[in-house]
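A.B. asks: Just to be clear, the model below is a prediction. Sequence and coordinates:
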Amino acid sequence: MGRILSGIQPTGNLHLGNYLGAIRNWVTLQNSHENLFCIVDLHALTTLPDPKDMQTWTREVTAAYIAAGINPDQSIIFVQSAVAAHSELAWIFSCLTPLGWLNRMTQFKDKTGKNSEQANLGLYAYPVLMAADILIYKATHVPVGEDQKQHLELARDIAGVFNRQYNVDYFHLPEFFSLKVAARVMSLRDGTSKMSKSDPSDYSRIHVMDDPDTIALKIRKAKTDPDPLASTPHAMENRPEALNLLGIYAALANISLEDACRMFEGASFSGLKQKLTDQLIATLDPIRKKMIDLLKESTYLDHILKEGSLKASEIATKNMNDIKNIVGFLKT
Ligand code: ADP
Ligand code: TRP
C-alpha cells in the first residue's frame, strides 16, 4: 500500500478545477492507500492574505475535503503550518537546489511575469517547500492537476540530489498521479487559460460554493464559438472553449471526452450548456449543502485538524530525526 500526499492552498474561491483536478480523485484513492491531505497555508502566505481570511479559508478547504467525501477517520487531514518539519526540511532542500532548476519553473514565471524582481523569495522557493511537503512523509504518489506536474518533477530531482549528496538511499521518487479527463479545467471566459482562484473574473470559474442559480448563470455566460459541436476532439482542435465544456461534462458524467463528443455531435452549445448545468448542480449542490453545515461547526473542524496534525507530526518528526542525522546536525 502506497502513501498519498496532496494539498490545496487556503486562498479562497475553491473552484471546479480544484474539485475535478484534485479533491475528487483523492476520494477514490482513500481505500487503496494511506492518505495525508494538507491545507497548505505556508504556501498561501506567499500571496500575503489577510489573516482573518486565511483562517476562514483554511476551515473552508477542510470543510470541502470532508463534504466531498474525504473521511477523517480514514485519512489524515491537517494544516501544513502545524507540522514544523515541513519548514525545516524546506531549508535543507534549499541548500541543495540549484537556482537554475527554480528558474525553469513556469508557474513562477506565469505568476510574476515582468515583475519577478519584486516577487518575494517565498514565491520563488515555493516548489522547494512543496518538495518538503511530499518527501517529509516519503509519499509514494502525489495526486495533483497537470499544472503541478513540473513541481513534482522538481521534488523528484531534489530527492535524487539529497541521496547523491549524502550517499544514501533515503528518499524514493514520488510518482505523479492524475486522471486524464479534466486534469486541467480551463477558464469559462478563455479556453486557453486554466480555471484559477486568482482570475479577477468570477465568471471565469464555478465555485464549489456556488448555488444552482449562479451555476446556471455562469454556464449561460460561458464563452462559445459559432459552430455546432463536432464528433471528435480532433475535429475541435482549435476550439478550446468547446473542448473545455465537453471535458467538464465528460468528467462529471464519468465518460471519456470522445464519448461526450459523440453524444453532442451536431448539437448547439445551448443543448450542451443545459445538460452541463444539470450535471454540475447534481454534483456540486450536495457538497455545497454539506459545507454550509460543516462551516457552522468550527469546533468540529478545528478538532479534525488538531487530530490530523498530531498524526502527521508523528510521521514527520520521526523522518526529520533521520534526516537531521544524515546531514550531520548534532543531537543536543
Ligand atoms: P489554484 O491553481 O486555483 O490557485 P491551487 O494552486 O491551490 O489552486 O491548486 C490546488 C489543486 O487543484 C492542485 O492539485 C491543482 O493541480 C488543482 N487545480 C487547480 N486548478 C486546476 C484546474 N484548472 N484544473 C485542474 N486542476 C486544477
Ligand atoms: N502547489 C500546489 C498547488 O498549487 C499545492 C501544494 C503544496 C501541494 N504542497 C503540495 C500539492 C504537496 C501536492 C503535494 O496546487
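C.D. replies: Happy to help now that I have it. Residues are numbered from 1 along each chain as shown. Ligands and ions are numbered 1, 2, ... in the order given.
A.B. asks: Return the per-residue confidence for the nearest residue to Met209 once chain neighbours are set aside.
C.D. replies: Of all residues not flanking Met209 in the chain, Arg288 sits nearest, at 5.5 Å (Cβ to Cβ, 6 or more residues apart in numbering). Any C-beta I mention is one placed from the backbone N, CA and C, and that applies to glycine too. Arg288 is assigned 98 on the pLDDT scale.
A.B. asks: Figure out the helix or strand that Arg288 lives in.
C.D. replies: Assigned by DSSP states H and E, Arg288 falls within helix 269-295.
A.B. asks: Show the subsequent helix or strand relative to that helix.
C.D. replies: helix 298-327.
A.B. asks: can you give me the angle that following helix makes with helix 269-295?
C.D. replies: 90 degrees (axes from the mean of the first three to the mean of the last three Cα atoms, to 10 degrees).
A.B. asks: any idea how far the residue nearest to Met209 is from ligand 1?
C.D. replies: 18 Å (Cβ to the nearest ligand atom, to the nearest Å).
A.B. asks: Enumerate every residue touching that residue.
C.D. replies: Neighbouring residues of Arg288 by Cβ atoms under 8 Å, 6 or more residues apart in numbering: Ala67, Val208, Met209, Asp210, Asp211.
A.B. asks: ok, of those residues, which come out buried?
C.D. replies: Buried members of these, counted by 16 or more other Cβ atoms under 10 Å: Ala67, Val208, Met209, Asp210.
A.B. asks: Take the residues you listed and lay them out in a markdown table including pLDDT.
C.D. replies: Formatted as a markdown table, these follow (pLDDT from 0 to 100):
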| residue | pLDDT |
| --- | --- |
| Ala67 | 98 |
| Val208 | 97 |
| Met209 | 97 |
| Asp210 | 98 |
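A.B. asks: and Ile4, which of the three is it?
C.D. replies: What DSSP: H, G, I helix; E, B strand; the rest coil gives for Ile4 is strand.
A.B. asks: Do you know the pLDDT at the residue in the stretch 1-150 of the chain that ligand 1 sits nearest to?
C.D. replies: Minimum separation of the stretch 1-150 of the chain from ligand 1 (Cβ to the nearest ligand atom) falls at Gly21, amounting to 1.9 Å. With respect to pLDDT, Gly21 scores 88.
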